[in-house]
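Visitor: Sharing a model prediction with you, sequence too.
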Amino acid sequence: MMRRTSVLVAVVAAVLLAVATGGTALGSSATTSRAASVAAASAAATAGCGKTPTLRSGAQSIQSGGQTRSFILRIPDNYNNTNPYRLIFGFHWNGGTANDVDSGGTSGFTWSYYGLRQLANNTAIFVAPQGLNNGWANSGGQDLTFVDDMIRLIEADLCVDTTQLFAGGFSYGGGMSYALACARATVFRAVAVYSGAQLSGCSGGTQPIAYIGLHGLRDNVLNISLGRSLRDTFVRNNGCTSQNPPEPAQGSLTHVVTAYSGCRSGYPVVWAAFDGGHTPGPVDGSTADDGARTWTKAVVWNFFNQFQSTNDTTPPTSPGTPAVSNVTATSATLTWTASTDQGGSGLAGYNVYREQGATDPLLGQSTTNSITLTGLTADTEYQVYVRARDGAGNLSANSAIVTFTTTSTGGDTTPPTAPGGLAASGTTAGGTNLSWAASTDDVGVAGYDILRAPGATGGTFAQVGTSATTSYSDTGLTPSTTYRYQVRARDAAGNLSPVSNTVQVTTSGTTTGTCSATPTVQSQWGTGYVIQPLTITNTSTSTITSWTVTFTLPAGHTLTGSWNATVTTSGQTVTARSVSHNGTLAPGASTTSFGFQASRPAGNTALPSGYTCTSA
């Protein structure tokens with residue numbers, strides 16, 4: 001997968017103005033729109049249809065807003081100038097590039113355009129725009145204009161279905177995708193926002209558009225609450241029934257995808273929450289970030305692929321009766337005889353439902369004729385059936401129902417053995433590294449919980465993290481402070497081991513006067529502002545390994561968001577401490593990763609003051 005150190009180092013630089021685990025569990029006024037109904041829209045062709053194209057795959061440049069802007073274009077290998085194609089935009093994160101999106105980084109083609117290019121299989125045109133200063137501040141709407149200009153250029157030269165424009169992006173790119181959902185809802189059919197926030201503005205924001213949001217519970221760069229806020233904008237706009245969708249448990253390393261009910265026809269809203277951090281490529285059962293193995297690409301592709309410009313109204317044949325295997329307390333595997341498509345739009349996949357009465361919830365989706373359902377309830381009977389879906393969104397008749405009962409958690413009541421030999425190393429002013437000997441279990445160890453207590457004695461041990469391996473790095477600690485650690489193992493049934501031995505560490509002290517903090521007002525408005533970056537510079541003659549910045553908010557101001565630092569407040573005093581990826585600075589080096597947003601009373605133009613920096 002692509003390296004995204006820069007994502008965590010510098011992800012927010014614009015205004016936050018206002019905001020199934022296994023197989024994927026899904027559960028305004030009228031407007032004239034290019035984005036036609038999902039049911040059966042005929043392709044709306046562009047001027048480029050029938051022309052010999054002059055554009056070629058690769059790097060492109062264009063004049064937009066008085067500037068030379070660039071983007072990468074990928075045209076299908078078997079391009080046919082009489083066939084109207086989908087047009088899909090992939091926006092990079094802050095510090096990323098168009099090439100990162102286009103190439104797929106270290107995961108290569110499997111992660112190109114967030115994995116969608118591989119799944120499209122030469123059925124779509126892809127665009128990777130390059131942001132100014134590697135971001136999407138969208139100052140004065142200039143990035144919206146850039147998108148408009150790219151669309152105009154591409155549609156004039158290539159054959160594009162104007163009802164089939166899509167956008168997606170991670171982090172800052174998610175903020176830009178959200179800005180398009182707000183301002184260009186009549187141009188784009190749907191957007192996918194990976195771990196985003198309102199970073200690039202929201203001009204308009206009152207019209208419906210198909211929307212999918214994906215966000216990690218443990219995102220320490222853009223808190224999941226920011227993603228929920230974006231989602232709720234389109235829950236309202238699309239007329240969906242408001243709900244608090246289910247999300248996976250902390251430490252489960254799973255995901256849950258919920259499809260909102262009651263949405264206006266053709267304007268669904270889907271929310272995918274996962275137990276992970278700030279990443280577009282989580283992998284179930286792992287802390288890895290892997291574009292080749294992530295479930296997100298299939299979920300987003302299936303969401304986009306349901307919108308077809310076709311007159312295919314013939315559903316696929318019904319799947320065969322599902323067969324059940326590998327039933328546990330929380331999971332089961334289903335397989336069935338594949339359906340066939342009969343209408344010409346192609347078989348897109350399968351939906352798996354639980355029969356429950358008037359409304360049967362969707363337990364999962366699969367692009368093959370099998371699925372492993374996870375996150376099930378122990379000792380519970382399930383009656384499930386499968387329906388096939390084609391590229392036009394037609395659903396087959398139900399398969400026969402299969403019934404199974406998950407096992408009781410009593411099937412495995414044996415906890416793992418206690419981890420051994422817990423030790424700490426590499427302790428600095430702001431962090432420490434822990435390692436231990438592996439536990440054993442009669443079924444298998446699922447992971448480890450890291451517990452921490454303050455001080456040399458007393459205090460309560462509380463969980464501060466999890467690990468799938470036998471090591472863990474704890475960061476954001478306070479200099480010259482003593483902590484105690486314990487580790488415990490857990491198995492798939494939820495049994496917890498006894499705790500390990502206790503290890504005690506004391507972080508090193510600070511040396512004052514060796515760094516400086518310089519704020520930059522990135523944007524401000526009547527009731528708030530964004531400071532980005534707050535540049536931290538090592539002014540000493542030796543390398544520092546951590547920094548702590550303090551400053552004072554004016555009376556009536558409230559911190560509403562921050563990124564790339566561990567932040568605490570006491571009254572109007574704010575303390576920000578470096579995190580693992582931005583604390584180490586060579587002499588004279590700087591980091592521009594940290595920033596924050598604050599609200600203030602209307603008419604109050606004051607800004608924070610008294611910035612000080614200390615380091616270790």
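Guide: Looks like it arrived, so ask away.

Visitor: the bottom helix or strand of the protein by mean pLDDT?
Guide: Using mean pLDDT, DSSP states H and E, helix 5-9 stands out as the lowest-scoring helix or strand of the chain, at a mean of 36.

Visitor: hang on, residue 174 in a helix?
Guide: Yes. Assigned with DSSP: H, G, I helix; E, B strand; the rest coil, residue 174 falls within a helix.

Visitor: if we can go back for a sec, point out the other helices and strands that the very next helix or strand once past the least confident helix or strand of the chain packs with.
Guide: Next in sequence after helix 5-9, counting helices and strands by DSSP states H and E, comes strand 58-64. Under the contact definition 3 or more Cβ pairs under 8 Å, 6 or more residues apart in numbering; DSSP states H and E, strand 58-64 sits against strand 67-74, helix 142-157. (Each C-beta comes from the backbone N, C-alpha and C, glycine too.)

Visitor: and residue 85, which of those is closest to it?
Guide: Evaluated over the helices and strands packed on strand 58-64, closeness to residue 85 peaks at helix 142-157, with 9.9 Å, by Cβ to Cβ.

Visitor: For the helix or strand following that closest one, C-alpha coordinates in CSV please.
Guide: Sequence-wise, the next helix or strand downstream of helix 142-157 (DSSP H and E) is strand 160-170. Output of strand 160-170 as CSV, limited to C-alpha atoms (Å, rounded to 0.1, in the frame of the first residue of the first chain):
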residue,chain,number,x,y,z
VAL,A,160,-18.8,10.0,-20.9
ASP,A,161,-22.1,9.1,-19.4
THR,A,162,-23.1,12.3,-17.7
THR,A,163,-25.4,10.5,-15.3
GLN,A,164,-22.4,8.4,-14.0
LEU,A,165,-19.9,10.7,-12.4
PHE,A,166,-18.5,9.6,-9.1
ALA,A,167,-15.9,10.9,-6.6
GLY,A,168,-14.0,9.5,-3.6
GLY,A,169,-11.1,10.4,-1.5
PHE,A,170,-9.3,9.8,1.8
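
Visitor: can you redo the helices and strands packed on strand 58-64 as JSON lines with mean pLDDT?
Guide: Listed next are the helices and strands packed on strand 58-64 as JSON lines, based on pLDDT from 0 to 100:
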{"stretch": "strand 67-74", "mean pLDDT": "96"}
{"stretch": "helix 142-157", "mean pLDDT": "96"}
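
Visitor: nearest to residue 414, of the ones you listed?
Guide: Among the helices and strands packed on strand 58-64, the nearest to residue 414 by Cβ to Cβ is strand 67-74 (52.5 Å).

Visitor: just how off-centre is the closest one within its chain?
Guide: Relative to its chain's centre, strand 67-74 lies at 25 Å (Cα atoms, centre = their mean, to the nearest Å).

Visitor: Repeat that for stretch 67-78.
Guide: Worked out by Cα atoms, centre = their mean, stretch 67-78 lies 25 Å from the chain centre.

Visitor: and if you look at stretch 429-449?
Guide: From the chain centre to the centre of stretch 429-449 is a distance of 26 Å (Cα atoms, centre = their mean).

Visitor: Alpha carbons of it, in PDB - could you do that?
Guide: C-alpha atoms of stretch 429-449 as PDB (Å, rounded to 0.1, in the frame of the first residue of the first chain):
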ATOM      1  CA  ALA A 429       9.900  12.000  27.400                       C
ATOM      2  CA  GLY A 430       6.800  11.100  25.400                       C
ATOM      3  CA  GLY A 431       6.600   7.400  24.900                       C
ATOM      4  CA  THR A 432       7.800   3.800  25.600                       C
ATOM      5  CA  ASN A 433       8.000   0.500  23.800                       C
ATOM      6  CA  LEU A 434       6.500  -2.600  25.300                       C
ATOM      7  CA  SER A 435       7.200  -6.300  24.500                       C
ATOM      8  CA  TRP A 436       6.200  -9.600  26.000                       C
ATOM      9  CA  ALA A 437       6.200 -13.400  25.400                       C
ATOM     10  CA  ALA A 438       3.200 -14.800  23.600                       C
ATOM     11  CA  SER A 439       0.200 -16.300  25.300                       C
ATOM     12  CA  THR A 440      -1.200 -19.700  24.300                       C
ATOM     13  CA  ASP A 441      -4.800 -20.800  23.900                       C
ATOM     14  CA  ASP A 442      -6.700 -24.000  23.200                       C
ATOM     15  CA  VAL A 443      -8.300 -22.400  20.200                       C
ATOM     16  CA  GLY A 444      -6.100 -19.400  19.400                       C
ATOM     17  CA  VAL A 445      -5.100 -16.000  20.800                       C
ATOM     18  CA  ALA A 446      -7.000 -13.200  19.000                       C
ATOM     19  CA  GLY A 447      -4.900 -10.300  20.400                       C
ATOM     20  CA  TYR A 448      -3.700  -8.400  23.500                       C
ATOM     21  CA  ASP A 449      -5.000  -5.600  25.600                       C
END
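
Visitor: That stretch: which residues count as buried?
Guide: Neighbour-count burial for stretch 429-449 flags 429-436, 439, 441, 445-449 (criterion: 16 or more other Cβ atoms under 10 Å).

Visitor: same deal with stretch 279-290?
Guide: 279, 280, 281, 282, 283, 284, 287, 288, 289, 290.

Visitor: which residues does residue 321 contact?
Guide: 336, 337, 399, 400, 402 (Cβ atoms under 8 Å, 6 or more residues apart in numbering).

Visitor: For the stretch 201-350 of the chain, give me the ranges with low pLDDT.
Guide: Counting by pLDDT under 70, the ranges of the stretch 201-350 of the chain that qualify are 309-312, 341-347.

Visitor: Go again with 80.
Guide: For the stretch 201-350 of the chain, residues meeting the criterion pLDDT under 80 lie at 308-314, 341-349.

Visitor: the helices in it, which residues?
Guide: Using DSSP state H, counting those that start in this stretch, the helices of the stretch 201-350 of the chain run over residues 224-237, 296-305.

Visitor: now the shortest one, how far from the centre of its chain.
Guide: Its chain's C-alpha centre and that of helix 296-305 lie 13 Å apart, by Cα atoms, centre = their mean.

Visitor: go on, the longest one?
Guide: Centroid displacement of helix 224-237 relative to its chain, using Cα atoms, centre = their mean, is 13 Å.

Visitor: hang on, the earlier thing: want to throw the helices and strands packed on strand 58-64 into a markdown table with distance to residue 361 and mean neighbour count?
Guide: Output for these, formatted as a markdown table (distance: least, Cβ to Cβ, whole Å; neighbours: other Cβ atoms under 10 Å):
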| stretch | distance to residue 361 | mean neighbour count |
| --- | --- | --- |
| strand 67-74 | 37 | 18 |
| helix 142-157 | 37 | 19 |
